[in-house]
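Enquirer: When you get a sec, could you give me coordinates for this:
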Amino acid sequence: MKGFVIICLMSLMSLTGEVCGQTDVRVDDEVGGRLTFGLNKRVSKGLHVCWEEAVWFDGNLSSFDRLQSTLSVRYKVLPWLKVGVGYSLINGYEGSSFNPPRHRLMADVTGSYQVGDWQFSLRERVQMTHRTDSYNEWQTPGNAWMLKSRLKVTYKAFRRWEPYGTFEVRNTLNAPVVKATYNETTGIWVSSETGLAANEAGWFLDGFNSVYVNRLRGTLGVSYRINRGSVIDVCLMGDFMTEKKVDANAKGTKLKAYTRETNFVGWLAVEYSYMF
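Expert: This is a model prediction of the structure:
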């Protein structure tokens, strides 16, 4: 718990960080939805293989967003400790067609502690998402790395019902580092290099090693065990999102804008899983 508190405090500090000339943009809030079907196969004692198919909606539940398929393996090392690895195939949908797929790899460790009817668990997950579409290498890396820290509290006094709540902090681990500074008089980003045209920023990108919080998530939900193998889970999630964006030309000689976008997204998620 102490480690989790430290992570939260460091993350909140990075969330409030300012960059000279960075423009803050408020994006309209919206509501999204997620429907998930999952299979959970017990291979041996403590070892499970899981398959999930999820359909995402956005735009206040008015438009289809993505299909996501996930295969994962989980192993209970100790009664209070689990580890897992997984892979997700993400097929985003935009306009009238699917975007090039993205591939995501995950590894996590979860520790839990029981106090009477209450169970507390802390999960640390590292994930890497690889994009296959064309992109501007001066704006974003091909592989996005994230660290997700989640605290979950579950009440287990009922036979079939399990209400729960979670709080999660998600950190971007390899965001772009902007080296140039903003000239408020001319309205142009400039670097320390000499011999540049008035509208050029020069070598403004100083690698991809900036760390900041890009999401805070709170969840309230309940799981209901229909029978021995079937479980349905319904929850409401709230995401406070922050994303730092770089807008540059394809040659990396001109920085057009450096913005920080914030918005709130509410989610309704329903999941059915079958264990056998």
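Enquirer: And the next helix or strand past the worst-scoring helix or strand of the chain on mean pLDDT?
Expert: The weakest-scoring helix or strand in the chain, judged by mean pLDDT, DSSP states H and E, is helix 2-15 (a mean of 48). Sequence-wise, the next helix or strand downstream of helix 2-15 (DSSP states H and E) is strand 23-26.
Enquirer: For that following strand, name the packing helices and strands.
Expert: strand 255-275 (3 or more CB pairs under 8 Å, 6 or more residues apart in numbering; DSSP states H and E). The C-beta positions use only the backbone N, C-alpha and C, and glycine is treated the same way.
Enquirer: gap between the strand it packs on and the chain center?
Expert: Relative to its chain's centre, strand 255-275 lies at 7 Å (CA atoms, centre = their mean, to the nearest Å).
Enquirer: who does that strand pair up with?
Expert: Using DSSP bridges, the strands paired with strand 255-275 in its sheet are strand 23-26 (parallel), strand 30-44 (parallel), strand 230-248 (antiparallel).
Enquirer: Residue 140 should be in a strand, yeah?
Expert: No: read with DSSP: H, G, I helix; E, B strand; the rest coil, residue 140 is coil and lies in no strand.
Enquirer: dump the residue contacts of it.
Expert: 176, 246 (CB atoms under 8 Å, 6 or more residues apart in numbering).
Enquirer: Secondary structure element holding the residue of the chain positioned farthest from its centre?
Expert: Largest separation from the mean C-alpha position in the chain: residue 195, at 41.0 Å (CA atoms, centre = their mean). Counting by DSSP H and E, no helix or strand carries residue 195.
Enquirer: ok, it to residue 202 distance?
Expert: 9 Å (CB to CB, to the nearest Å).
Enquirer: Tell me if I'm right that residue 248 and residue 203 touch.
Expert: No: here residue 248 does not reach residue 203: they are 11.2 Å apart, not a contact under CB atoms under 8 Å.
Enquirer: Looking at the two, which is more packed in?
Expert: Set residue 248 next to residue 203 and count neighbours by other CB atoms under 10 Å: residue 248 wins out with 23 against 13.
Enquirer: Excluding covalently adjacent residues, which one is nearest to that one?
Expert: Leaving out its chain neighbours, the residue that sits closest to residue 248 by CB to CB, 6 or more residues apart in numbering is residue 138, at 4.3 Å.
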